[in-house]
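[1] Here is my input, please return the structure:
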Amino acid sequence: MRRFEDRMIFSASDLMRFMGCTHALNFDLARVNGSGPKPSADSEDTALLQKLGTAHEAAHLIRLKSEGRKVVDVPAASLLDSANFTREVLSNGPDVVFQGALLSGNWGGWSDFMERVEVPSVLGPYSYEVVDTKLKRRADPKHVLQLVLYSDLLAKIQGKAPEFAHIELGDGNRATLRLADYSAYARMAQDRLEAFVADPQPTNPMPCADCSVCRWTEHCEGVWQDEDSLFNVAGISRVQVKKLEGNGICTMEALSELNQPIPGMAENTRTRLITQARLQHARKTGEPDFVLRATEPGKGFDLLPEPKPGDLFYDIEGDPHYEDGLEYLHGVWFDSQFLAFWAHDHDAEAKALEDLFAFFRARFTEYPSARIYHYAPYEITALKRLTTKYGIGEAYLDRILRERCFVDLFAVVRGGLIGSEPNYSIKSMEAFYDRKRDGEVKTAGGSVVAYERWRETQDQQVLDEIEDYNRIDCISTEELRDWLV
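    Residues are numbered from 1 along each chain as shown. Predicted coordinates:
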C-alpha cells in the first residue's frame with residue numbers, strides 16, 4: 001500500500017492481508033498515513049520463507065531459459081516506470097516476461113511471470129497469462145486473489161481477459177486455474193478493501209492463521225497481555241470469545257470469576273474455560289498448578305500405560321521446505337542414552353526409516369511390553385507417510401499401532417488435566433517438572449531454520465545443536481511421562 005500522486009495504490013499483498021486479517025490492514029493504513037506502531041522485523045521463519053521463495057522463483061526462471069524460451073527481465077524501477085516498460089515489452093511478443101509491472105487505477109504490482117499464449121488480442125496474434133511461483137504444494141485461496149488481480153490488470157493492456165492463470169508450486173507441479181471460476185470472489189474482495197480504506201472502521205486484534213508470519217504479531221500480543229484478553233486463555237476459540245464478550249465477560253480475570261451460564265455454550269465447555277482462566281490468572285503471581293479432569297474411558301489417563309522396562313521416547317525433526325519434504329532426524333532416548341537416525345536426502349530418509357524399524361523390532365523382541373512415547377500426532381503421521389512413500393514397514397507399523405505400542409502423551413495431557421500454562425506444548429508442560437532450555441535451538445521452527453542453514457554451510461556445529469534440541473525433546477518426553485505417572 002502506497003500513496004501515488006493523488007491516490008492510494010493497493011497491491012496483491014494488501015488484498016491478501018485484508019482478507020486474512022482486517023486489523024493488520026488497519027495497521028498498514030496507519031503507517032501510510034504516518035501514524036500507528038512500528039512493525040516488527042521479520043522473524044527467522046519469515047526471512048527463511050522469503051529466501052526460499054526467491055530461490056524457487058529463480059529456479060523456474062533458469063528452467064524457462066534452459067528450454068530456449070525468449071525471456072525479457074523487466075529491470076527494477078518505480079512501479080509507474082516499470083509498468084510503462086512492461087507495456088512496451090508485451091507489445092513485442094516475447095515468450096515470457098519476468099517481473100513485469102502492472103498498474104491501473106488504484107491497483108498495481110509486479111507479477112512473477114507472464115507467459116505468451118497463441119490467443120489473439122490487441123497486442124497481435126497472441127496474448128499473455130499470469131504465472132506465479134509459490135512454495136506451497138497446493139493452491140491457496142489467497143493465491144487466487146493475486147492471480148485474478150494481475151490477470152485483470154493484464155487484460156486492460158492486451159484488451160482480452162486471460163482464460164487461465166497458473167501457479168508453479170513448491171513440489172514442481174503446476175496448478176492451472178480457470179479465472180472465470182474465481183473472478184467474482186476476487187473482485188468482491190477488491191471492492192471490500194477499497195470501501196474499507198475509504199471509510200476505515202476500528203478493529204481489534206484477533207488470532208488468525210497469519211499471525212505466525214505477520215509483522216504486527218508482537219504488537220497484538222502486547223495488547224492481549226495489557227488488556228488481559230480472553231484470547232490468552234489456552235484452547236479458547238474465537239466463537240467462544242464472541243459468546244463470552246456478548247455476555248459482558250471480556251477479560252481472563254472476569255472469566256475466572258464467572259458464575260452464570262452462557263447462552264449457547266455447553267456447561268462442560270463453560271466449566272473447562274473457567275477452570276483454565278482461573279489457573280492461568282493465578283499463575284501470573286503463583287506457581288504452576290493443574291486440575292485433573294473427570295476420568296473418561298479411552299481418554300486422558302486411561303491412555304497412559306504403566307511404565308515398563310525398555311520404554312522408548314521418540315521425536316522427529318522434519319524440513320517441509322526440502323523438495324517433497326524430508327524427515328531428517330529420528331531421535332530415540334532409552335536407558336539414559338540417545339540414538340539419532342539422520343537423513344540428508346530421500347535415499348537416506350528411506351534408509352533411516354529401515355534402520356529405525358530394525359531398532360524397534362530388536363527392542364520389542366528384548367522388551368515385549370515396552371512402549372514408544374511421543375508428544376502430539378506428528379510422529380505417527382510422518383511414519384505413515386514414510387512407509388507409504390517408500391514401501392518400507394507398512395505392515396509392521398500397522399501392527400504395532402494396532403497393538404498400541406505408541407503412546408501420545410499430548411492426548412493424555414489434554415484429556416487428563418487442565419494446566420496453568422499459556423498453551424499445551426511440551427515446552428510449556430516443562431514448567432511442571434522444572435526443565436530449563438538453554439540450547440541454541442529452542443523450537444521446532446528454529447530447528448527448520450537451523451537445518452536450512454546447515455544445508456548452506458555444512459557446519460557440523462549446527463547439526464550438533466539440532467541433535468541436542470531433539471535429544472532434549474526426547475528426554476523431556478520421558479520426564480513428562482514420569483510426572484504424569
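
[2] Report pLDDT for the residue lying closest to R7 once chain neighbours are set aside.
    In space, and not counting its chain neighbours, R7 is closest to N106: 5.9 Å by CB to CB, 6 or more residues apart in numbering. All C-beta spots, glycine's among them, are computed from the backbone N, C-alpha and C. On the pLDDT scale, N106 is placed at 92.

[3] Would you list the phi and psi of N106?
    phi -90, psi 10 (degrees, to the nearest 10).

[4] One more: D132?
    Backbone geometry at D132, expressed as degrees, to the nearest 10, gives phi -120, psi 150.

[5] Repeat that for the one 4 residues further on.
    Main-chain dihedrals, K136, degrees, to the nearest 10: phi -70, psi 160.

[6] give the contact list for Q201.
    Neighbour list for Q201: empty [criterion: CB atoms under 8 Å, 6 or more residues apart in numbering].

[7] ok so it is a strand residue?
    No. Counting by DSSP: H, G, I helix; E, B strand; the rest coil, Q201 falls outside a strand, being coil.

[8] Okay, it and C21: tell me how far apart.
    Distance of Q201 to C21, computed by CB to CB, to the nearest Å: 14 Å.

[9] quick one: the residue nearest to R7 from F313, how far?
    Per CB to CB, N106 is found 57 Å from F313.

[10] More neighbours: which of those two?
    Between N106 and F313, counted using other CB atoms under 10 Å, F313 has the larger neighbour count: 26 against 14.

[11] The more buried one reaches F334, doesn't it?
    Yes. Between F313 and F334 there is a contact at 6.9 Å, judged by CB atoms under 8 Å.

[12] Which residues are in contact with the residue nearest to R7?
    Going by CB under 8 Å, 6+ apart, N106 touches R7, M8, I9, F10, E194.

[13] so what does the lengthiest helix in the chain touch, helix or strand wise?
    Using DSSP state H to define each element, the chain has its longest helix at helix 460-484. Under the contact definition 3 or more CB pairs under 8 Å, 6 or more residues apart in numbering; DSSP states H and E, helix 460-484 sits against strand 312-319, strand 326-334, strand 337-342, strand 372-374, helix 409-416, helix 426-429, helix 444-457.

[14] Kindly recompute the last result at 6 Å.
    strand 312-319, strand 326-334, helix 444-457 (3 or more CB pairs under 6 Å, 6 or more residues apart in numbering; DSSP states H and E).

[15] can you state the direction angle for it and strand 326-334?
    Interaxial angle, helix 460-484 versus strand 326-334 (axes from the mean of the first three to the mean of the last three CA atoms, to 10 degrees): 50 degrees.

[16] In ChimeraX, how would I select just the buried ones from the contacts of N106?
    Remark: buried members of these, expressed as a ChimeraX selection using 16 or more other CB atoms under 10 Å:
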select :8,9,10,194
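
[17] where does the chain dip in pLDDT?
    439-442, 444 (pLDDT under 70).

[18] the longest strand in it is where?
    In the chain, with assignment by DSSP state E, the single longest strand is strand 107-117.

[19] Give the buried residues for it.
    Neighbour counts over strand 107-117 (16+ other CB under 10 Å) mark W107, G108, G109, W110, S111, D112, F113, M114, E115, R116 as buried.

[20] Would you format those as a markdown table with distance to N247 included?
    Output for these, formatted as a markdown table (distance: CB to CB, whole Å):
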| residue | distance to N247 |
| --- | --- |
| W107 | 42 |
| G108 | 45 |
| G109 | 44 |
| W110 | 48 |
| S111 | 48 |
| D112 | 48 |
| F113 | 52 |
| M114 | 53 |
| E115 | 55 |
| R116 | 60 |
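
[21] Can you give me the neighbour number for the nearest residue to R178 once chain neighbours are set aside?
    Nearest residue to R178, sequence neighbours excluded (CB to CB, 6+ apart): F164, at 6.1 Å. Burial of F164 is recorded as 17 neighbouring residues (other CB under 10 Å).

[22] gap between F164 and A189?
    Distance of F164 to A189, given as CB to CB: 20 Å.

[23] what kind of secondary structure is T381 in?
    What three-state DSSP gives for T381 is helix.

[24] Check G264 too.
    Three-state call for G264 (three-state DSSP): coil.

[25] Distance check, it against P207.
    G264 is 21 Å from P207, where distance means CB to CB.

[26] circling back: the residue nearest to R178 reaches E129, doesn't it?
    Yes. Using CB atoms under 6 Å, F164 is in contact with E129, at 5.5 Å.

[27] quick one on the thing from earlier: any chance of JSON lines for the contacts of N106, columns distance to R293 and secondary structure?
    Formatted as JSON lines, the contacts of N106 follow (distance: CB to CB, whole Å; DSSP: H, G, I helix; E, B strand; the rest coil):
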{"residue": "R7", "distance to R293": "57", "secondary structure": "strand"}
{"residue": "M8", "distance to R293": "52", "secondary structure": "strand"}
{"residue": "I9", "distance to R293": "54", "secondary structure": "strand"}
{"residue": "F10", "distance to R293": "49", "secondary structure": "strand"}
{"residue": "E194", "distance to R293": "49", "secondary structure": "helix"}
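
[28] Now tell me what touches stretch 135-147 from outside.
    Residues outside stretch 135-147 that contact it (CB atoms under 6 Å, 6 or more residues apart in numbering) are 12, 15-16, 52-53, 56, 130, 165, 167, 169-171, 175, 182, 186, 189.

[29] among these, which are in strands?
    Per DSSP E, the contacts of stretch 135-147 map to strands at V130, A165, I167, A175.

[30] Pull the contacting residues for the third one.
    Put plainly, it is I167. The contact partners of I167, by CB under 6 Å, 6+ apart, come to D132, K134, A139, H143, A175.

[31] ok, these vs R435, which is closest?
    Using CB to CB, K134 comes nearest to R435 of those, at 38.5 Å.

[32] Name the nearest residue to V213, sequence neighbours excluded.
    Excluding the flanking residues, the one nearest V213 by CB to CB, 6+ apart is T46, at 5.0 Å.

[33] any idea which helix or strand carries that neighbour?
    Using DSSP states H and E, T46 sits within helix 44-66.

[34] P39: which element?
    If you go by DSSP H and E, P39 is not part of any helix or strand.

[35] So which bits of stretch 185-201 are buried?
    A186, A189, Q190, L193, E194, F196, V197.

[36] list the contacts for T203?
    Counting by CB under 6 Å, 6+ apart, T203 touches T22, H23, N26.
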